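**Student:** Structure for the following, please:
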Amino acid sequence: MPLVAHNALPSLQRLRETGANVVLPEDRAATQDIRELHIGLLNMMPDAALEATERQFFRLIGESNPIAQFYAHPFTIDAIPRGEKAAAHIARYYDTFDKVRAEGLDALIITGANVTGEDLSKEPFWGPLGEVIDWAWENVTTTLLSCLATHAVLHFRYGQPRVMQPNKRWGVFSHRVVEKRHPLVADVNTRFDVPHSRWNDISRAQFEAAGLRVLVESEAVGVHLATSHDGLRMVFFQGHPEYDTISLLKEYKRDVLLYAQGKFVACPPFPENYIARHEQAILLEWRDRLLHAVKAGQPAPEFPEATILANLDNTWHDSAEAVVGNWMGCMYQVTSADRRKPFMAGIDPENPLGLDWIG
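**Tutor:** Residues are numbered from 1 along each chain as shown. The predicted structure follows:
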């Protein structure tokens, strides 16, 4: 599924330059009847991660099977505070929700967001996010929710608020497919890795109490992948399969810097199953030098990013690509040609994929 760079969004240009499956509008196959599908990205991530999140999700879309041409439509929520640079980026390259709503979407991805407390209903994005979710439920074939967005929908729509955990769940963890009949996990390894980074959790019991179907879970960190009862309308990720190889390393650096500034009580541990012992020793030395520099009022030492990155393994991207590709395929099979109508004629919206467990 080539991703069409239909506007000047820098992330699309950068992906194309690095060899991702992104084409210019003039490069589209003019003589073939290749369907256009339009994917929205509600990007609620903080300024520093805004463009990286675009690239991560757009890359997965572009790496899916080539059965259609995809147009990506990023938008955000105005109530989220932005710095000058991010605000300018959004004003220049993002659609408004009003435009997205008027023109329609075939599918929607909703990212996570930075929060200031445990109660999501007190966040500035809460009301506008609920408006998007309500609209998508009635008007979009399928919505993929990432981490905090999953927590928000479980709270907002299903009355299942997330639960704060005693320790941060972060690292790369092995997961098992527990519902092999669903096409989202067709031809995917029955064991695969997924990164996680979160303090809060929605348990399997909460997913099931909401009437949702768990497809993939981990013995260590719980549910990763689930769907709404119909199998497609809402797809929930609690982990971060879209992460780049370096993403957790950048989070570790950020958290250690916050600790050095006195904004964290305890020094963050290393992400689990991610950084080998030799590289951990290098990072511990950097941390000690950083703390000494801060105490002495000196500049922070250079972070050894290149040294650590050279020895990091990515054990999750192939499975992420497969699951997102399956999600795209499911959407393609049932979506109406009119993107203002979610399902094609003859598709049962209560069971669009014809799953045998829905009665």
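**Student:** Ends of stretch 143-154, what's the gap?
**Tutor:** Start-to-end span of stretch 143-154 (Cα to Cα, to the nearest Å) is 13 Å.
**Student:** Which positions within that stretch qualify as buried?
**Tutor:** T143, L144, L145, S146, C147, L148, A149, T150, H151, A152, V153, L154 (16 or more other Cβ atoms under 10 Å). Backbone N, C-alpha and C define where each C-beta goes, glycine included.
**Student:** Just the residues contacting stretch 52-62, thanks.
**Tutor:** With contact meaning Cβ atoms under 8 Å, 6 or more residues apart in numbering, stretch 52-62 is reached by 1-3, 9, 11-12, 14-15, 20-22, 39, 41, 43, 45, 70, 72, 74, 109, 111, 242-244, 247, 320-321, 324, 328.
**Student:** if we can go back for a sec, I'd like the buried residues of stretch 143-154 as CSV, with secondary structure, pLDDT and distance to Y332 appended.
**Tutor:** Converted to CSV, these look like this (DSSP: H, G, I helix; E, B strand; the rest coil; pLDDT from 0 to 100; distance: Cβ to Cβ, whole Å):
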residue, secondary structure, pLDDT, distance to Y332
T143, strand, 98, 15
L144, strand, 98, 14
L145, strand, 97, 20
S146, strand, 95, 21
C147, coil, 91, 25
L148, helix, 92, 27
A149, helix, 94, 23
T150, helix, 96, 23
H151, helix, 94, 28
A152, helix, 93, 27
V153, helix, 94, 23
L154, helix, 95, 27
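**Student:** show me the contacts for the residue nearest the centre of the chain.
**Tutor:** Closest to where the C-alpha atoms of the chain average out (Cα atoms, centre = their mean) is S146, at 4.1 Å. S146 makes contact with I109, I110, T111, G112, F237, H240, E242, according to Cβ under 8 Å, 6+ apart.
**Student:** Wait, a helix at the fourth one?
**Tutor:** In other words, G112. No: under DSSP: H, G, I helix; E, B strand; the rest coil, G112 falls outside any helix and is assigned strand.
**Student:** Who are the contact partners of the closest residue to it other than its chain neighbours?
**Tutor:** Distance criterion Cβ to Cβ, 6 or more residues apart in numbering; nearest residue to G112, sequence neighbours excluded, is L148 at 3.6 Å. Contact analysis of L148 by Cβ under 8 Å, 6+ apart lists M44, T111, G112, A113, V115, L120, R198.
**Student:** List just the nearest of those to E179.
**Tutor:** Using Cβ to Cβ, R198 comes nearest to E179 of these, at 22.4 Å.
**Student:** The closest one: how many residues sit nearby?
**Tutor:** By other Cβ atoms under 10 Å, the residues close to R198 number 20.
**Student:** which SS class is the closest residue to it other than its chain neighbours?
**Tutor:** In this structure, R198 finds its nearest non-sequential neighbour in R169, 5.5 Å apart by Cβ to Cβ, 6+ apart. For R169, the assignment made with three-state DSSP gives strand.
**Student:** Check what pLDDT R169 gets.
**Tutor:** On pLDDT, R169 comes in at 92.
**Student:** I'd say it and S218 touch.
**Tutor:** No: contact criterion Cβ atoms under 8 Å: R169 and S218 do not qualify, at 9.5 Å.
**Student:** hey, where'd the helices end up in the protein?
**Tutor:** 10-17, 50-62, 84-93, 97-103, 126-139, 148-156, 204-209, 247-260, 277-296, 305-309, 317-334 (DSSP state H).
**Student:** Could you export those as JSON lines, including distance to D348?
**Tutor:** As requested, those are arranged in JSON lines below (distance: least, Cβ to Cβ, whole Å):
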{"stretch": "helix 10-17", "distance to D348": "36"}
{"stretch": "helix 50-62", "distance to D348": "26"}
{"stretch": "helix 84-93", "distance to D348": "38"}
{"stretch": "helix 97-103", "distance to D348": "25"}
{"stretch": "helix 126-139", "distance to D348": "16"}
{"stretch": "helix 148-156", "distance to D348": "22"}
{"stretch": "helix 204-209", "distance to D348": "23"}
{"stretch": "helix 247-260", "distance to D348": "38"}
{"stretch": "helix 277-296", "distance to D348": "51"}
{"stretch": "helix 305-309", "distance to D348": "48"}
{"stretch": "helix 317-334", "distance to D348": "9"}
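**Student:** Of all those helices, which one is nearest E179?
**Tutor:** helix 204-209 (11.7 Å).
**Student:** Give the other helices and strands that that closest one contacts.
**Tutor:** strand 213-218, strand 222-227 (3 or more Cβ pairs under 8 Å, 6 or more residues apart in numbering; DSSP states H and E).
**Student:** Determine which stretch of those strands is the most buried.
**Tutor:** Comparing the helices and strands packed on helix 204-209 by mean neighbour count (mean count of other Cβ atoms under 10 Å), strand 222-227 ranks first with a mean of 25.
**Student:** contact partners of that strand?
**Tutor:** So strand 222-227 is contacted by 175, 182, 184-185, 194, 196, 201-204, 207, 212-218, 233-239, 323 (Cβ under 8 Å, 6+ apart).
**Student:** what stretches of the chain score poorly on pLDDT?
**Tutor:** For the chain, applying pLDDT under 70 flags the ranges 1, 24-33, 65-66, 359.
**Student:** Show me the domain layout of it.
**Tutor:** Annotated domains of the chain cover 3-244+316-334, 247-309 [automatic domain parsing].
**Student:** Need the winner for burial among those.
**Tutor:** Taking mean count of other Cβ under 10 Å, domain 3-244+316-334 is the most buried of the domains of the chain, at a mean of 19.
**Student:** Good, we can wrap up now.
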